[in-house]
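Enquirer: I'll drop the sequence and a predicted model, then ask my questions.
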Amino acid sequence: MKNRILLLAATAAALVTVAGTLPAAHHNDPHSGSVMNYHRVDDRLVTGGHFVDDGLTEIKQEGVTVVIDLRDNPPKGQEQKLAEQGIEWIGVPVEWNDPEAEDFEKFARAMQAHQGDHVLVQCGANYRASAMTYLYRVVVEGVDEEAAAKDLYAVWTPSDESDAWVEYIEEIKSTAR
């Protein structure tokens with residue numbers, strides 16, 4: 001019995017050690033980790049909000065090579081800080097309360113130009129990023145809406161509080177049909 005308890009204690013200690021070495025981007029708290037509301041869509045695409053602490057180093061370790069930033073007012077020096085990590089920064093400003101069809105077109109062009117890259121789509125809290133990524137996957141890549149919606153809803157569900165985005169999503173999808 002004593003050996004069994006020691007084995008369980010050693011296993012628990014090993015799990016705690018391993019968990020402590022995982023990238024912080026995977027924490028359940030949306031305000032902890034390297035990126036707020038970090039969400040991995042697939043092996044080359046992630047979405048997230050603003051960087052937390054030294055999140056740039058962590059996303060570099062995750063393999064991100066391109067950041068498409070949808071904030072209409074990104075932090076000063078963002079492009080330079082990313083360049084220092086060897087990560088390309090692309091600004092596609094999307095106003096939170098007034099997204100426009102041209103915003104999606106610019107975003108889609110940036111995504112298409114980086115199809116083979118490991119991309120982080122970023123905004124303030126991963127609401128614009130998850131919505132635009134959902135639209136791109138459905139409209140451009142032809143991903144099933146239900147499958148793409150799982151990644152959108154993992155972060156955010158557009159609702160009455162975000163009428164502009166509910167309408168925007170429907171507008172972009174309807175013009176693509």
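Expert: Received the coordinates, thanks.
Enquirer: Helices of this protein, start to end?
Expert: 2-21, 55-62, 78-84, 101-113, 128-135, 145-153, 163-176 (DSSP state H).
Enquirer: among the ones you listed, which is the most enclosed?
Expert: helix 128-135 (a mean of 27; mean count of other Cβ atoms under 10 Å). Yep, even glycine has a C-beta here, placed from its N, CA and C like the rest.
Enquirer: Taking helix 145-153 as reference, get the angle to that one.
Expert: 170 degrees (axes from the mean of the first three to the mean of the last three Cα atoms, to 10 degrees).
Enquirer: who's in contact with helix 128-135?
Expert: 37, 39, 41, 45, 47-49, 70-71, 94, 96, 99, 103-104, 107, 121-123, 148-149, 151-152, 154-156, 158, 165, 168-169, 172-173 (Cβ atoms under 8 Å, 6 or more residues apart in numbering).
Enquirer: relative to helix 101-113, how tilted is that helix?
Expert: 70 degrees.
Enquirer: Tell me who's in contact with the residue positioned nearest the centre of the chain.
Expert: Among the residues of the chain, the one closest to the centroid is T47, at 0.8 Å (Cα atoms, centre = their mean). Listed by Cβ under 8 Å, 6+ apart, the contact set of T47 reads 37-39, 41, 120-122, 126, 129-130, 133, 151, 155.
Enquirer: of all the residues you listed, which comes closest to E58?
Expert: Y38 (9.3 Å; Cβ to Cβ).
Enquirer: OK, contacts around the closest residue to H50 other than its chain neighbours?
Expert: Leaving aside its chain neighbours, H50 sits nearest to M36 (5.3 Å; criterion: Cβ to Cβ, 6 or more residues apart in numbering). Residues counted as contacts of M36 (Cβ under 8 Å, 6+ apart) are P30, G48, G49, H50, F51, V52, G124, A125, N126.
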